[in-house]
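Undergrad: After the sequence you'll find the predicted model.
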Amino acid sequence: MKQISKMPETPGGDELKAIIRASRGTFISTGIFSSLVNILMLTGPLFMLQIYDRVLTSGSVPTLIALISIVIFLYAYYGFLEYLRARLLVRIGRRVEETLRGRVFDVVTTHALRRTPGVGGQPVSDLGTIRQYLSSQGPFAFLDMPWVPVYLLIIFAMHWLLGLASLLAAITIFMLAVISERTTREPMQEATKANIKASLITEEGRRNAEALYALGMVGELRDRWMKVHQQALDHQTVANDAGGGLGAISRVLRLMVQSGILALGAFLAINQEISSGSMIAASIIMSRALAPVEQAVANWQQFVGFRKARERLIAVLRSVPPRPFRMQLPAPRGKLDVESLLVQIQGIEKPLLQGVSFGIVPGEGIGVIGPTGAGKSTLARTLVGISPPTRGTVRLDGATLDQRDPDELGRLIGYLPQDVQLFDGSVMQNISRFDAEADPDKVVEAAKLANVHDLIMRLADGYNTQLGENGSRLSAGQRQRMALARAMYKDPVLFVLDEPNSNLDAEGEAALDHAIRHGLSRGAAVVVIAHRPSALAAIGKMLVLSDGKVAALGPRDEILRKVMMRPTQSSNVEPLQPMAQIEQRS
């Protein structure tokens, strides 16, 4: 037996912390390089000190040449270390994205299945924000910050007045950073919320563009989007104005302090308390001491965005635990058992399904009928593992669905949803479910079973034809038959067909009936959910759902006879045509 694994078993949401821990060596190396860079930043002040205090007083040209040679070497080494530490941070950011992008994709699709409001594609954006910040100059401010006290001590060693003035300036600029964070925190949060909402409205409008234009809703949705987007823009402007203003104050203060230190140094030099070289060196060192603080203020909004993105990403990762290790079970034969099924959505008191139980053996089919809102599509989603049951179980050959890896389970199921979804890719890719090792013979076989092979051959590039987003180049009926071919690919052991003939013509319904009979003949379990009974001609068992509960269960003819004998109002089941007429047409 082999084991199927997608990710290491780590608690949901702790992956990011695990990556940071795994990158500890890289962070240590970056810290060492930062220390060397900050030591080398003293090259300029020391050079100035030697020029003013030694070269100018002695008039020694060899000393000047020697100092210049040393400075050139040290600056070259400084540039090399700057390049290395920037390169290391880029690699850390890249490692974070490469490690988490698969998990983030799973989280986004899982929340899409759960229909969780306010998630959308935000985790993908948050992962990009984290990578961009880690790969930018922002972290350098925090790596250089520990050297601020060292620079201040050096200035104190030159003269206590210079050190005191530098310390007060550093504290003032640091306080500006704190004020900037508190001022921009709330508007940044509100801007992020509004941007997420605007993105959801954009995606909703793009997905439902036909209805928007056909029903004259473009203007209303545009106004709604513009209102939300304007809110995001207003909050972002407030945050940018506050951060930009404080950043400008910080830069002006730094220039004033640098000039002030120079003036104070000149005063002390006049009074013979320090040398002229110390005056220049103190000014340069002070500028370097304040640089990390000023850089932190300038990049504070970016840092706040990074921190919020990290918090959101950790929270959303924790909401969807990583896939655990799953031992690969033997291939099932197709025995389906549904036991006391209860499906309930959080926040809605009334269950969508309650107490549903039935079973079918390999080679047997069951038809599910009932009025709109009876829970038929919910049952279909539960049978294929999309909607986990609140209570009860769905078993395939005795194993619950969650005992198999989701991708392995999906390959065992032929699912045709009520809302047909195709992907931007070729016909072959869509039918083969984007199998990297797709068997062309199996693809053609599935297409022929769905009676769509001739249609495909009439397309411009045959099986290589690009379908566009959601199969936009096909009609509704063609999309449904293409999705039926996808469901038939590689002979799954369980078929769940939800309204499979809703867009089919007579030829398509004949193909559907042929596909269902083929699946039954080779031993698959088949579940067909339908309003139009022409899809049920090959089915021998029937389940009637009403208000999420089993209203009737038994042989097809017996159930249909009871349904047709009752008034529609009392049975809550939509009227059906006699099966004899259906079978005669099929």
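TA: Here it is on my side, so go on. The model shown is predicted, which means the values in this text are computed figures rather than measured ones. Numbering: from 1, shown residues only.

Undergrad: pLDDT wise, what is residue 8 at?
TA: In this model, residue 8 is scored at 39, pLDDT.

Undergrad: got it, and residue 330?
TA: At residue 330, pLDDT is 88.

Undergrad: same thing with residue 21?
TA: Predicted confidence (pLDDT) for residue 21: 76.

Undergrad: State the phi and psi torsions of it.
TA: Residue 21 adopts backbone torsions of phi -60, psi -40, taken as degrees, to the nearest 10.

Undergrad: OK, contacts around it?
TA: Listed by Cβ atoms under 8 Å, 6 or more residues apart in numbering, residue 21 has no contact partners. Yep, even glycine has a C-beta here, placed from its N, CA and C like the rest.

Undergrad: cool, and the one 3 residues further on?
TA: For residue 24, no contacting residues are found, by Cβ under 8 Å, 6+ apart.

Undergrad: how does this protein divide up, domain by domain?
TA: 1-136+319-326, 147-298, 336-585 (automatic domain parsing).

Undergrad: With distance to residue 310 as extra columns, can I get those domains in a markdown table?
TA: Output for the domains of the chain, formatted as a markdown table (distance: least, Cβ to Cβ, whole Å):
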| stretch | distance to residue 310 |
| --- | --- |
| domain 1-136+319-326 | 6 |
| domain 147-298 | 13 |
| domain 336-585 | 26 |
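
Undergrad: so where's the stretch 451-586 of the chain shaky on pLDDT?
TA: 563-586 (pLDDT under 70).

Undergrad: Now do the strands in it.
TA: 494-498, 525-529, 541-546, 549-555 (DSSP state E, counting those that start in this stretch).

Undergrad: May I see the buried residues of stretch 219-228?
TA: In terms of neighbour count (16 or more other Cβ atoms under 10 Å), stretch 219-228 has its buried residues at 221, 224-225, 228.

Undergrad: which residues in the stretch 201-350 of the chain form helices?
TA: 209-214, 218-270, 276-298, 300-319 (DSSP state H, counting those that start in this stretch).

Undergrad: now the third one: mean pLDDT?
TA: Taken as a whole, helix 276-298 has a mean pLDDT of 82.

Undergrad: What is it packed up against?
TA: helix 43-50, helix 138-144, helix 148-158, helix 160-207, helix 218-270 (3 or more Cβ pairs under 8 Å, 6 or more residues apart in numbering; DSSP states H and E).

Undergrad: buried stuff in the first one?
TA: Neighbour counts using 16+ other Cβ under 10 Å place 43-50 of helix 43-50 among the buried residues.

Undergrad: and what of the second one?
TA: Applying a neighbour-count criterion of 16+ other Cβ under 10 Å, the buried positions in helix 138-144 are 138-141, 143-144.

Undergrad: remind me which residues of the stretch 251-400 of the chain are low pLDDT?
TA: For the stretch 251-400 of the chain (pLDDT under 70), the answer is none.

Undergrad: Please give the element, helix or strand, for residue 419.
TA: Using DSSP states H and E, residue 419 sits in no helix or strand.

Undergrad: ok, so what distance separates it from residue 327?
TA: 34 Å (Cβ to Cβ, to the nearest Å).

Undergrad: before we move on, back to that, would a markdown table of the buried residues of stretch 219-228 with pLDDT and distance to residue 58 be doable?
TA: Putting the buried residues of stretch 219-228 into a markdown table (pLDDT from 0 to 100; distance: Cβ to Cβ, whole Å) gives the following:
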| residue | pLDDT | distance to residue 58 |
| --- | --- | --- |
| 221 | 81 | 79 |
| 224 | 84 | 77 |
| 225 | 84 | 73 |
| 228 | 85 | 71 |
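
Undergrad: Among these, which one lies nearest to residue 180?
TA: Distance to residue 180, by Cβ to Cβ, is smallest for residue 228 among the buried residues of stretch 219-228, at 26.4 Å.

Undergrad: check contacts around residue 465.
TA: So residue 465 contacts 426-427, 456, 459, 473 (Cβ under 8 Å, 6+ apart).

Undergrad: how close does it sit to residue 447?
TA: 12 Å.

Undergrad: cool, and residue 143?
TA: Taking Cβ to Cβ, one finds residue 143 at 59 Å from residue 447.

Undergrad: do the same with residue 94
TA: 41 Å.

Undergrad: Looking at these two, which one has more neighbours?
TA: Taking other Cβ atoms under 10 Å, residue 94 and residue 447 do not tie; residue 447 has more neighbours (26 against 13).

Undergrad: The more buried one is in what secondary structure piece?
TA: helix 440-449.

Undergrad: what's that helix packed up against?
TA: helix 427-431, helix 453-457, helix 476-488, helix 506-521.

Undergrad: can you do 7 Å?
TA: helix 427-431, helix 453-457, helix 476-488 (3 or more Cβ pairs under 7 Å, 6 or more residues apart in numbering; DSSP states H and E).

Undergrad: how far is the last one from where the chain is centred?
TA: Same thing as helix 476-488. Distance, stretch centre to chain centre, for helix 476-488: 28 Å (Cα atoms, centre = their mean, to the nearest Å).

Undergrad: With the second one instead?
TA: Helix 453-457 has its average C-alpha position 36 Å from the chain's average C-alpha position, going by Cα atoms, centre = their mean.

Undergrad: And it, what does it pack against?
TA: When contacts are defined as 3+ Cβ pairs under 7 Å, 6+ apart, helix 453-457 packs onto helix 440-449.

Undergrad: related to what we said a few turns ago, among the helices and strands packed on helix 276-298, which is nearest residue 503?
TA: Closest among these, using Cβ to Cβ: helix 160-207, at 18.4 Å.

Undergrad: taking the mean pLDDT, what do you get for the closest one?
TA: 80.

Undergrad: same question, stretch 97-115
TA: Mean predicted lDDT for stretch 97-115 stands at 83.

Undergrad: May I see the helices and strands packed on helix 440-449 organised as CSV, with mean neighbour count and distance to residue 272 added?
TA: As requested, these are arranged in CSV below (neighbours: other Cβ atoms under 10 Å; distance: least, Cβ to Cβ, whole Å):
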stretch, mean neighbour count, distance to residue 272
helix 427-431, 24, 83
helix 453-457, 16, 95
helix 476-488, 23, 90
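
Undergrad: want to throw these into TSV with distance to residue 65?
TA: Shown next, in TSV, are the helices and strands packed on helix 440-449 (distance: least, Cβ to Cβ, whole Å):
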stretch	distance to residue 65
helix 427-431	69
helix 453-457	80
helix 476-488	78
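
Undergrad: Which stretch among the ones you listed approaches residue 313 most closely?
TA: helix 427-431 (30.4 Å).

Undergrad: Which strands or helices does that closest one pack on?
TA: Helix 427-431 packs on helix 440-449, helix 476-488, going by 3+ Cβ pairs under 7 Å, 6+ apart.

Undergrad: what's residue 540 in contact with, if anything?
TA: Residues in contact with residue 540 (Cβ atoms under 7 Å, 6 or more residues apart in numbering) are 364-365, 555-556.
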